[in-house]
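A.B. asks: Predicted coordinates and the sequence they were generated for:
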Amino acid sequence: MESLNYTIGMAGTAAFAVTAVLAVAPKGIDLFGVCVMGIVTAIGGGTLRDIILGVPVFWATDLNYIWVALGASVAAFAAQSLFTRKEMYRLLLYIDGLAVALFAIQAANKVWTLQFGLPLAPILLGIITAIGGGLIRDVLAGRQNLLMTRELYAVPVLFGCTLFVVAMVLFPQYQSIAGITCVMSIFIFRVAAIHWGLCVPDWLSTRPKTE
Amino acid sequence: MESLNYTIGMAGTAAFAVTAVLAVAPKGIDLFGVCVMGIVTAIGGGTLRDIILGVPVFWATDLNYIWVALGASVAAFAAQSLFTRKEMYRLLLYIDGLAVALFAIQAANKVWTLQFGLPLAPILLGIITAIGGGLIRDVLAGRQNLLMTRELYAVPVLFGCTLFVVAMVLFPQYQSIAGITCVMSIFIFRVAAIHWGLCVPDWLSTRPKTE
Amino acid sequence: MESLNYTIGMAGTAAFAVTAVLAVAPKGIDLFGVCVMGIVTAIGGGTLRDIILGVPVFWATDLNYIWVALGASVAAFAAQSLFTRKEMYRLLLYIDGLAVALFAIQAANKVWTLQFGLPLAPILLGIITAIGGGLIRDVLAGRQNLLMTRELYAVPVLFGCTLFVVAMVLFPQYQSIAGITCVMSIFIFRVAAIHWGLCVPDWLSTRPKTE
């Protein structure tokens, strides 16, 4: 179980870095910038979470997260055309979705275990862990970030983390089962959003002012 | 006194969230983004302050700040047209101004009590607390932030926090009176700026290069 | 040695602030914004480093860093035309380059001494210390940051910090000599980049998509 978690975590770290590189590449960026963007995207969210929690950053004791992000960034830079192929990119999106689900629930579980700001903080920090790195990347790259689009990326995370907190309150003895169920829920929700191109309906959005 | 402080703090938190929602709404943003922007604006500055101070974030032990910001964000989303009415928006600006004054002096007082980086840090962290959340919001929303405009928003805070530090050095025994006086000074300065549309004079600004 | 370090550090802090002011001045910004930008650029990188390390921020116990940044910002605002003169600006660039070299290796050395995330973290945090403040400034000012250009600014830092870590692993007894050598290496690399206008070659960059 632990080692499955770890394997998904590493695959997810790599997927985060690769999708980051593909996102910033069209702007024209050198290998150094590519590696910074890949690493920031992969570990930025978890770093923000740990700073807010006031605990040591997770990668200080396991540099594999950074090595994997670095390797994946270089690979994505070298083999851009491979990763932008339609079927390959779709696979990446699914791995990214699984990683988002896993990282969010791992974070919610960490916050819950620390008894930090219950019951809201596990949800907030789950979301920050899942999307924080991508937000920092988009700000640094001068791109529009996902908060300003209507893609269903963070909403599944909100849903899954809330479910996890409710499960922990009602059935504290089933932590593992709750965790697995919530990871799967987020992943399925996200896969559905990718597959059918779902997005937030009109009545849940403000009307953009045409200038 | 404590409870008056707390009431103003909560009203200010709500005002911060509502003005944030009104600021980002014209960009076209969904309910999830609206809530993130509202919460970030309301608690971002204080969170930055606590991270720099190396103390636990203030909302971890009192989630009311987040509940209020969340509720106010949803309310602002649902009743946008109510809050953009001229008299209502003006009221919001005044509550926002009172909150800025209170949060800044509370922060300066917290830093002073911790004896952290005296005498400059209470002023710096007072300003960060007051405007940090709004800066993060504007960066995330891709908006021009207040540092790049000539609105008198942060200058009253600088003035009030400096006054507070001077008062603490000269009359350390009158902490409460100094606090109240400085909150009122910032508020009055800010109200005057709103009322007369004051802004920073030309000779205190660089000339923008027309491109 | 200590005091030479300190003098270079202060000159570098001032150079960071002045170049920051010159960078944002063309956007039209008031004196308050100028001072915020100057201070953020000068101390932002080291502050990020200390927050990630979980140690007290370096300026809390030595406010001279902030006073110098503040003074240099005001001076740059008042005497903009002096600092934009060709020979003066070139001098600033060299002092900035020396400061970048010194701050990066000081940071790498601090992280190494704390035995934090060896061997990667000294390199990462050396880079963050050197360029973090400038990145925050550019994000706040809505400017394109150096990650998105091909200027050789951060690459010398990467090179020097890597050299320092290799030296520490191979010859741990020669910490001072390694430090001085690496500072000089970064500085010479940076001076060469400024002098000959070197930038990252095409094959190490992605092709920008013309839209």
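C.D. replies: Thanks, I have it. All of these numbers come straight from a predicted model, not from anything done at the bench.
A.B. asks: can we go C-alpha only for contacts and neighbour counts from here?
C.D. replies: Noted.
A.B. asks: need the residues of chain A near chain C, please.
C.D. replies: By CA under 8 Å from any CA of the partner chain, the residues of chain A that approach chain C are A:25-33, A:47, A:51, A:54-57, A:59-63, A:77, A:139-142.
A.B. asks: could you pick out which of those residues are near chain B?
C.D. replies: A:51, A:54, A:139.
A.B. asks: Just among those residues, which is most surrounded?
C.D. replies: Per-residue neighbour counts (other CA atoms under 10 Å in any protein chain shown) across these peak at residue A:51, which has 20 neighbours.
A.B. asks: Surely that one touches residue C:50?
C.D. replies: No: at 10.9 Å, residue A:51 does not count as touching residue C:50 under the criterion of CA atoms under 8 Å.
A.B. asks: In helices, which of the ones next to chain B among the residues of chain A next to chain C fall?
C.D. replies: In helices, judged by DSSP state H, the following of these are found: A:51, A:139.
A.B. asks: okay if I get the ones next to chain B among the residues of chain A next to chain C as JSON lines plus pLDDT?
C.D. replies: Formatted as JSON lines, these follow (pLDDT from 0 to 100):
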{"residue": "A:51", "pLDDT": "97"}
{"residue": "A:54", "pLDDT": "95"}
{"residue": "A:139", "pLDDT": "94"}
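A.B. asks: Count the neighbours of residue A:203 for me.
C.D. replies: Using other CA under 10 Å, residue A:203 has 10 neighbouring residues.
A.B. asks: Buried residues, the helix or strand containing residue A:77. List them.
C.D. replies: Assigned by DSSP states H and E, residue A:77 belongs to helix A:64-78. Residues A:65-78 are the ones in helix A:64-78 that count as buried (16 or more other CA atoms under 10 Å in any protein chain shown).
A.B. asks: residues in contact with that helix?
C.D. replies: The contact list for helix A:64-78 (CA atoms under 8 Å, 6 or more residues apart in numbering or on different chains) reads A:10, A:13-18, A:21-22, A:31, A:34-35, A:38-39, A:42-43, A:59, A:83, C:206.
A.B. asks: Separate out the buried members of these.
C.D. replies: Using 16+ other CA under 10 Å as the burial test, those include A:10, A:13-18, A:21-22, A:31, A:34-35, A:38-39, A:42-43, A:83, C:206 as buried.
A.B. asks: Just to be sure, which of the residues you listed are found in strands?
C.D. replies: Using DSSP state E, no member of these sits in strands.
A.B. asks: Restricted to helices, list these.
C.D. replies: The members of those that map onto helices under DSSP H are A:10, A:13-18, A:21-22, A:31, A:34-35, A:38-39, A:42-43, A:83.
A.B. asks: OK, contacts around the residue nearest to residue A:122 when sequence neighbours are not counted?
C.D. replies: Residue nearest to residue A:122 in three dimensions, not counting chain neighbours: residue A:108, with 4.2 Å by CA to CA, 6 or more residues apart in numbering or on different chains. Residue A:108 sits next to A:121, A:122, A:123, A:125, A:126, A:161, A:164, A:165 when contact means CA under 8 Å, 6+ apart.
A.B. asks: and if we set it to 7 Å?
C.D. replies: Going by CA atoms under 7 Å, 6 or more residues apart in numbering or on different chains, residue A:108 touches A:122, A:123, A:125, A:126, A:161.
A.B. asks: Of all pairs in the residues you listed, which one is the farthest apart?
C.D. replies: The largest separation in these, counting by CA to CA, is between A:125 and A:161 at 9.3 Å.
A.B. asks: Distance from the chain centre to the longest helix along chain A, please.
C.D. replies: For chain A, the helix with the greatest residue count under DSSP H is helix A:86-113. Distance of helix A:86-113 from the chain centroid (CA atoms, centre = their mean, to the nearest Å) equals 5 Å.
A.B. asks: buried stuff in that helix?
C.D. replies: Applying a neighbour-count criterion of 16+ other CA under 10 Å, one finds A:89, A:92-112 buried in helix A:86-113.
A.B. asks: count of neighbours near residue A:157?
C.D. replies: Residues contacting residue A:157 under the criterion other CA under 10 Å number 33.
A.B. asks: Residue A:122 too?
C.D. replies: If you count neighbours by other CA under 10 Å, residue A:122 ends up with 28.
A.B. asks: Over to residue A:30?
C.D. replies: There are 24 residues near residue A:30, going by other CA under 10 Å.
A.B. asks: do the same with residue A:197
C.D. replies: Residues near residue A:197, counting by other CA under 10 Å, number 11.
A.B. asks: pLDDT at it, what is it?
C.D. replies: Here the pLDDT value assigned to residue A:197 is 87.
A.B. asks: And it, how far from residue A:153?
C.D. replies: Applying CA to CA, to the nearest Å, the value for residue A:197 to residue A:153 is 11 Å.
A.B. asks: Ok, residue A:74 next?
C.D. replies: 26 Å.
A.B. asks: Any regions of chain A where pLDDT drops low?
C.D. replies: For chain A, residues meeting the criterion pLDDT under 70 lie at A:1, A:210-211.
A.B. asks: Return the residues of it in contact with chain B.
C.D. replies: A:52, A:54, A:116-117, A:139, A:147-150, A:200, A:204-209 (CA under 7 Å from any CA of the partner chain).
A.B. asks: so who does residue A:27 touch?
C.D. replies: Applying CA under 7 Å, 6+ apart, we find residue A:27 in contact with C:208, C:209.
A.B. asks: again, 8 Å this time
C.D. replies: Contacts of residue A:27 by CA under 8 Å, 6+ apart are C:148, C:206, C:207, C:208, C:209.
A.B. asks: now residue A:21
C.D. replies: A:34, A:37, A:38, A:73, A:76, A:77.
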